[in-house]
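S.K.: model the following, please.
(4 chains)
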Number of protein chains: 4
Amino acid sequence: MPNKKVLVAITARPSYSRIRSALEHLRDDPTVDLWVLCSGSALLDRYGRVSSMIRADGFNVVEELYTFVEGDDLVNMALTAANTVSHTAGVLRRLKPDMVVTIADRYETLGTAVAAAYLNIPLVHIQGGELTGNIDEKVRHAVSKLADLHLVSTASSGQRLVRMGENPQAVVCTGCPSIDIARESMAIDRAAVAAALEQVAAGDRNLHDEYIVVLTHPETDFHEESFEHMAMVLDVVERTGKQAIVFWPNVDAGSDGTSKAIRVFREGGRGHDWIFAKNLEGHLFLALLRGALCLVGNSSVGVRECSYLGIPVVNIGDRQQGRERSANVTDVPWDAAAIEASVAAQMVHGHYPSSELYGDGHAGALIAREIAQATPAAAKRFHDG
Amino acid sequence: MPNKKVLVAITARPSYSRIRSALEHLRDDPTVDLWVLCSGSALLDRYGRVSSMIRADGFNVVEELYTFVEGDDLVNMALTAANTVSHTAGVLRRLKPDMVVTIADRYETLGTAVAAAYLNIPLVHIQGGELTGNIDEKVRHAVSKLADLHLVSTASSGQRLVRMGENPQAVVCTGCPSIDIARESMAIDRAAVAAALEQVAAGDRNLHDEYIVVLTHPETDFHEESFEHMAMVLDVVERTGKQAIVFWPNVDAGSDGTSKAIRVFREGGRGHDWIFAKNLEGHLFLALLRGALCLVGNSSVGVRECSYLGIPVVNIGDRQQGRERSANVTDVPWDAAAIEASVAAQMVHGHYPSSELYGDGHAGALIAREIAQATPAAAKRFHDG
Amino acid sequence: MPNKKVLVAITARPSYSRIRSALEHLRDDPTVDLWVLCSGSALLDRYGRVSSMIRADGFNVVEELYTFVEGDDLVNMALTAANTVSHTAGVLRRLKPDMVVTIADRYETLGTAVAAAYLNIPLVHIQGGELTGNIDEKVRHAVSKLADLHLVSTASSGQRLVRMGENPQAVVCTGCPSIDIARESMAIDRAAVAAALEQVAAGDRNLHDEYIVVLTHPETDFHEESFEHMAMVLDVVERTGKQAIVFWPNVDAGSDGTSKAIRVFREGGRGHDWIFAKNLEGHLFLALLRGALCLVGNSSVGVRECSYLGIPVVNIGDRQQGRERSANVTDVPWDAAAIEASVAAQMVHGHYPSSELYGDGHAGALIAREIAQATPAAAKRFHDG
Amino acid sequence: MPNKKVLVAITARPSYSRIRSALEHLRDDPTVDLWVLCSGSALLDRYGRVSSMIRADGFNVVEELYTFVEGDDLVNMALTAANTVSHTAGVLRRLKPDMVVTIADRYETLGTAVAAAYLNIPLVHIQGGELTGNIDEKVRHAVSKLADLHLVSTASSGQRLVRMGENPQAVVCTGCPSIDIARESMAIDRAAVAAALEQVAAGDRNLHDEYIVVLTHPETDFHEESFEHMAMVLDVVERTGKQAIVFWPNVDAGSDGTSKAIRVFREGGRGHDWIFAKNLEGHLFLALLRGALCLVGNSSVGVRECSYLGIPVVNIGDRQQGRERSANVTDVPWDAAAIEASVAAQMVHGHYPSSELYGDGHAGALIAREIAQATPAAAKRFHDG
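M.R.: Numbering: from 1, shown residues only, chains lettered A, B, ... in the order given. Coordinates of the predicted model:
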């Protein structure tokens, strides 16, 4: 029997981190031919060239598509999405996979979904049904309406998709695959984290016993403010007197502002014992978080993986608005005083008990099993329920 | 007070026919600057170059975008959608309208919606929430999830959008604007129809007293069969002995097959008193339908406008599957015997009473009023109801 | 030793006709892996879907790229060229051929050349150095400046390239491969021609003993006049009283006008014994020409293949301006009286002696040998001579 | 009389620096409507967002096109060129300028030229006919063959274009406009230079009395070596013990490698009194050069402006190969010992007498006058001379 040909589209670092455990199961499944298509920021040096990591991890990268149109303007998201549609469509026509898998809610995700839909290839969407309250949410739900099988992270996300007209048979709650990495990361000790961090960071600064992790992405809808936001965060964290581990932002409209704030801070001679890192392998990043006093920023990691790991999180602004969260997260607006107070409170509180809101850490195996067994048709119907 | 700048994207002949009554109201509203953006098949000579008609009708066409990638392959829908995203995004960035209006469910519709969503410009979607059961339906619902204001044709479509998470405040049932044209067309007499038809059809064939109208579009998901489908329809209609008025299909993957069937039929010397037409102005087309024994094919006109006009319709295949319909429609599969029996029965039955399922013929005014008064924000939230 | 990987880009019917004899030699050369890339109008049904012919002829079509943006506007040439650059570049990056071969002077030719140049892949250009006097000539010379090996059709073309700074070592006069087909076509008898024509033409009209062939392309720089030009030609030919074999034009800005003139003529009930054909295999087309009273139009076939075959040609307008020609060609302007007089004179004169201006009919073998043996580098230098 | 509409396409920082003096003359000419189209790296923050500078300088920027596809791979030049063709063509169709002006030899230059050629708009090319020996040279000559009027920098460049078949009437030697800036820069004193430098450079390092300027671009054809090349240059200059002013490279395939070498050097704590600058206004940059001990790198500035200014230049590698040069330039290969010896010798020699090889510093006025007076037709002919 010929194998099922599954094409997984990876367009950014976080998507790969989340899906890797599922990819490993699929790769080891003898009934599946696993193909990885890399595009968008997954090919860019300034985000660690994830495409090369994927190859190095032993996956079959069948195509690399340069689709990322550079520039700090909203139009670039549309242009990049358009490139993703047009070049992905060509690849799908040539390779004729039995199924396309797309992850989460970035603009390239929508590009992949549009291409698969028009080519009549069944589409599997991972992490649909969640609420976040900005352009990402619009895109996520649009992708869901183009998708034929939904592998969701939480029970309530799945219920929302059914309400939106998706067939309950086509909605499976697997938990979030990012929790798998969180679970696995618990086996990594501090020395390994410190060693890894030295390799990806410039300079020769050592990881302290106590440190705060900073990870901030621009808020797409207010991209011009991204410079001031990041500058505010760096100021506040500096005043704690603790060492900070600061990560460069993922690529997006507005990320130039965030990056600039980091550069100005550094070039102003501040943060002399801080560590500035571009990319850290997923497990090591989570092991780093596990040892942190708290995480400050607006990444979904704070809501998702940190809920399982019980890490105190100061979540700023609207970027994670609507996402389900556990007790570990404190939400604050873009206000220096509020952020400062919340960081102080979280450092006092310390770690939280683990939550299984986003799964129990075995989502990868479940996702792989669903993909391997599924036989979705591209011609779906609204389920009137 | 500066006027509200409203950009309406028109990508195909039927979209323009439907929206024209609303456009006229918007054009005459002193608080609105109305801009029309034409792209896709609206610029193609073989579909009557609708763009030129729109100018001739006195509307302000601010840009023409050639986006249509030719070829009889599914990939071309994706490529055309990608072009629509990329070039429309550039126009929106330049012109900065306060609102973008997109119509129905074609692939260019999705391209317009994606461009507006990424540029943070509020999107108005007309004719969302309906069911049809193929790629168009996927696209229609995806557009709805990107849209910020929904002007729907039927009460049940609106209810479906609310169920899908759209805010009830942002869903307004205006009726379908195509019914406005149907209502207006009732003032046109037979002589005017016959005269108009002579001008758009090749040869000098006269319109008979009794005639059947044939309008068949390829079914996107099975485009290779489109040649055989159309050949079957022409055979069946020929056997009635009645004159047929045959319209060329709208442009789509598969339309080459439909067109070829018409050419082969004609070039084989058949249908010597038939009329083959490329395009007929909307009112005249509906007035032509009003005088017909029945309509044979799979156009949404049969379900929609003909319900108001009470015209007997033989609707073939799955293309209109899921659409709400009145008593005037008989559904049959792509089977020559079934089509033949149904055509015979509809000719015996004759006209039906008018239905207001799709509106009372004043949708244009309602749509224009909603657009003129609306102040949608691009940042919408899932409405958990 | 690994084989040399040669990718030949085919974008239109005439290019394939010309290059086929060379392709056959390359396919049969055990030191060469021959790959064919089809794009542009080579994929379109309305031009006979040359891509399928190429597969049926036993060549390895490694990719089909839909790049043709439809519409009767100059901008579409630029848009199609852009698509050719972008999608061809992706294919070259993936397949990494040792050499790319591009033919003649169409806009897709330039797209192929740009892609190869930026990817540092040596480019072979066939039929460079000729003069024609419109956008095609600009494109042809631009392609020559991007190319690394030039296989030219006439001695004077080669001299012109050297004058333009190309290294004399990189310029080889092979003759025009289209003459190979002309030579081979001399073995085909009239019955075979008549039979083939019946298959590609609509209706059941027989080939007469005496006939005129009409093949007219729009003149790109004056595309709006193409309708009137073609109407004029059809009028003049009709007045000879001879049967005409009329071919549909190749796809270009302006071709909609030419096609429309043919349709209007036909649908007006004229040319009742004429044959209207879309495409005829190259040898058969030339065999058809060989039996013709004369060729009327503006195709390069009249200047090139007909010079070898000795067929009387009435060449209209500027499209072939600058091309070297033999005694068989009479040039006339777009003037009905001039065309009519010239057609009459050519019918009186009859056939001409064969000329070897464009080669002796063995160019395919020479081209294949040069490609197989060449080791061009992509980094060329201006040759100051 | 309506004004002549002249559209000047600017795609990169150096192009603007060169053309600015001509733009000022054109802007002040009452018979000309001057439009500037910005695209490519002219819109990117990491290259100083030249587009905003152009607006601030009082020019009418009619459109900004995001065309730059990010990534360190040759394919990105082709993708960016394709975007330039497609989006520029749309702008030309909409605005219908009487003339398009394009500068030098970058890949976006070719994109502009292809768009203008297909839209039948006369193209003026500035700085054609020069020799440099890599992909830039191929592109430059291809652009020349698409151009209708050539404004060249040196007498021998003009002669070469005529030899290539350009009409001598359409070739005018204006000198290089970059020399205008060099001439004007002689009025700027050292204090102004030092002050300007402080504003664009990070940190608070002062300009020393003696300093070396480093400006290195990746060599496109060997982009993987760009990291090692730049590291070598930085090592050699460090050993002189002099202060260095190091400029970030212009954006190109390979520039990521060059930038990385600078970052590694800096982050390694070296060059503690060096100044690293992103962009300096043209006059100030040349005034900075005028005060330098020597210029080290491979920029065309060394060959061109420095010839007029008499600055000692160590020109490394093949990037300027073929360009005409004066006595001030010493050429060396990518070899640390050779570079070191040459830097030492140039520091001993000191400044050279001024040369007018590239003009006398009034090219801007000449270029503006030619553009204002020219009436080129898009339909040119090969000049057989």
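S.K.: from here on, contacts and neighbour counts on C-alpha atoms
M.R.: Fine.
S.K.: okay, A:His283 and A:Ser21: tell me how far apart.
M.R.: A:His283 sits 11 Å away from A:Ser21, going by CA to CA, to the nearest Å.
S.K.: equivalent analysis for A:Leu119, please.
M.R.: Plainly put, A:Leu119 is 28 Å away from A:Ser21 if you go by CA to CA.
S.K.: so where do the helices sit in the stretch 51-200 of chain A?
M.R.: A:75-95, A:107-118, A:135-146, A:155-163, A:177-185, A:190-200 (DSSP state H, counting those that start in this stretch).
S.K.: with distance to B:Ala378 added, can I get the ones you listed in CSV?
M.R.: Shown next, in CSV, are the helices of the stretch 51-200 of chain A (distance: least, CA to CA, whole Å):
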stretch, distance to B:Ala378
helix A:75-95, 15
helix A:107-118, 16
helix A:135-146, 9
helix A:155-163, 22
helix A:177-185, 30
helix A:190-200, 39
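S.K.: before we move on, back to that, neighbour count winner among A:His283 and A:Ser21?
M.R.: Between A:His283 and A:Ser21, counted using other CA atoms under 10 Å in any protein chain shown, A:Ser21 has the larger neighbour count: 24 against 21.
S.K.: secondary structure class for the more buried one?
M.R.: State at A:Ser21, reduced to three classes by DSSP: H, G, I helix; E, B strand; the rest coil: helix.
S.K.: pretty sure it contacts A:Ile367?
M.R.: No - contact between A:Ser21 and A:Ile367 fails when scored by CA atoms under 8 Å: they sit 9.2 Å apart.
S.K.: shared neighbours of the two, anything?
M.R.: Here A:Ser21 and A:Ile367 have no joint contacts, going by CA atoms under 8 Å, 6 or more residues apart in numbering or on different chains.
S.K.: A:Cys176 and D:Asn120, how far apart?
M.R.: A:Cys176 is 56 Å from D:Asn120, by CA to CA.
S.K.: between the two, which one's more packed in?
M.R.: The neighbour comparison of A:Cys176 against D:Asn120 (other CA under 10 Å) goes to A:Cys176, with 28 against 21.
S.K.: wait, what's in contact with the residue nearest to that one when sequence neighbours are not counted?
M.R.: Nearest non-adjacent residue to A:Cys176, counting by CA to CA, 6 or more residues apart in numbering or on different chains: A:Ser153, 4.3 Å away. Going by CA under 8 Å, 6+ apart, A:Ser153 touches A:Ile126, A:Gln127, A:Gly128, A:Cys173, A:Thr174, A:Gly175, A:Cys176, A:Pro177, A:Tyr358, A:Gly359.
S.K.: now with 7 Å, please.
M.R.: Residues near A:Ser153 by CA atoms under 7 Å, 6 or more residues apart in numbering or on different chains: A:Gln127, A:Cys173, A:Thr174, A:Gly175, A:Cys176, A:Tyr358, A:Gly359.
S.K.: please apply the same query to A:Leu149.
M.R.: Counting by CA under 7 Å, 6+ apart, A:Leu149 has contacts A:Leu123, A:Val124, A:His125, A:Ala170, A:Val171, A:Pro376.
S.K.: and those residues, which is closest to C:Tyr47?
M.R.: Of all the contacts of A:Leu149, A:Leu123 has the smallest distance to C:Tyr47: 34.1 Å, by CA to CA.
S.K.: which residues of the stretch 51-200 of chain A lie near chain D?
M.R.: Neighbours of chain D within the stretch 51-200 of chain A, by CA under 7 Å from any CA of the partner chain: A:Tyr66, A:Thr67, A:Phe68, A:Val69, A:Glu70, A:Gly71.
S.K.: can you put those residues in TSV and add distance to chain B and pLDDT?
M.R.: Below are those laid out as TSV (distance: CA to the nearest CA, whole Å; pLDDT from 0 to 100):
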residue	distance to chain B	pLDDT
A:Tyr66	15	97
A:Thr67	12	96
A:Phe68	13	95
A:Val69	11	95
A:Glu70	14	94
A:Gly71	13	92
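S.K.: from those, list the buried ones, please.
M.R.: Using 16 or more other CA atoms under 10 Å in any protein chain shown as the burial test, those include A:Tyr66, A:Thr67, A:Phe68, A:Val69, A:Glu70, A:Gly71 as buried.
S.K.: wait, the first one touches A:Ser39, no?
M.R.: This means A:Tyr66. Yes - using CA atoms under 7 Å, A:Tyr66 is in contact with A:Ser39, at 5.8 Å.
S.K.: hang on, the earlier thing: quick check, pLDDT for the residue nearest to A:Cys176.
M.R.: Looking at A:Ser153, its pLDDT reads 95.
S.K.: measure it to B:Arg27 for me?
M.R.: Applying CA to CA, the value for A:Ser153 to B:Arg27 is 48 Å.
S.K.: next: A:Ala379.
M.R.: Relative to B:Arg27, A:Ala379 is positioned 40 Å away (CA to CA).
S.K.: now swap in A:Met347 and tell me
M.R.: 61 Å.
S.K.: ok, and the closest non-adjacent residue to the residue in chain A positioned nearest to chain D?
M.R.: In chain A, the residue that lies nearest chain D is A:Val69 (4.4 Å; CA to the nearest CA). Using CA to CA, 6+ apart and skipping residues adjacent in sequence, the residue nearest A:Val69 is D:Val69, 4.4 Å away.
S.K.: that neighbour against D:Leu79, yeah?
M.R.: Yes - the criterion here is CA under 7 Å, and D:Val69 meets it with D:Leu79 at 6.5 Å.
S.K.: what's around A:Arg290, how many residues?
M.R.: There are 23 residues near A:Arg290, going by other CA under 10 Å.
S.K.: residues contacting it?
M.R.: By CA under 7 Å, 6+ apart, the contact list for A:Arg290 reads A:Leu309, A:Ile311.
S.K.: if we use 8 Å, what do you get?
M.R.: Per CA under 8 Å, 6+ apart, neighbours of A:Arg290: A:Met186, A:Leu309, A:Ile311.
S.K.: now the residue nearest to A:Ala117 when sequence neighbours are not counted: how far from A:Arg369?
M.R.: Nearest residue to A:Ala117, sequence neighbours excluded (CA to CA, 6+ apart): A:Leu146, at 6.3 Å. In this view, A:Leu146 and A:Arg369 are 22 Å apart by CA to CA.
S.K.: ok, the two, which is more surrounded?
M.R.: The residue with more neighbours, out of A:Leu146 and A:Arg369, is A:Leu146; 28 against 16, by other CA under 10 Å.
S.K.: please save the CA atoms from stretch A:346-365 in PDB.
M.R.: What follows is stretch A:346-365, C-alpha atoms only, in PDB (Å, rounded to 0.1, in the frame of the first residue of the first chain):
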ATOM      1  CA  GLN A 346       5.400  37.600  40.700                       C
ATOM      2  CA  MET A 347       8.900  37.500  42.100                       C
ATOM      3  CA  VAL A 348       7.500  37.400  45.600                       C
ATOM      4  CA  HIS A 349       5.000  34.700  44.700                       C
ATOM      5  CA  GLY A 350       7.400  32.300  43.000                       C
ATOM      6  CA  HIS A 351       6.400  29.200  41.000                       C
ATOM      7  CA  TYR A 352       2.800  27.900  40.600                       C
ATOM      8  CA  PRO A 353       1.400  24.400  40.500                       C
ATOM      9  CA  SER A 354       1.300  22.800  37.000                       C
ATOM     10  CA  SER A 355      -1.900  23.100  35.000                       C
ATOM     11  CA  GLU A 356      -3.100  20.700  32.200                       C
ATOM     12  CA  LEU A 357      -5.300  23.400  30.600                       C
ATOM     13  CA  TYR A 358      -3.300  23.100  27.300                       C
ATOM     14  CA  GLY A 359      -2.700  19.300  27.600                       C
ATOM     15  CA  ASP A 360      -0.700  16.800  29.400                       C
ATOM     16  CA  GLY A 361       2.400  16.800  27.300                       C
ATOM     17  CA  HIS A 362       1.600  14.000  24.900                       C
ATOM     18  CA  ALA A 363       0.000  16.000  22.100                       C
ATOM     19  CA  GLY A 364       2.700  15.200  19.500                       C
ATOM     20  CA  ALA A 365       1.800  11.500  19.600                       C
END
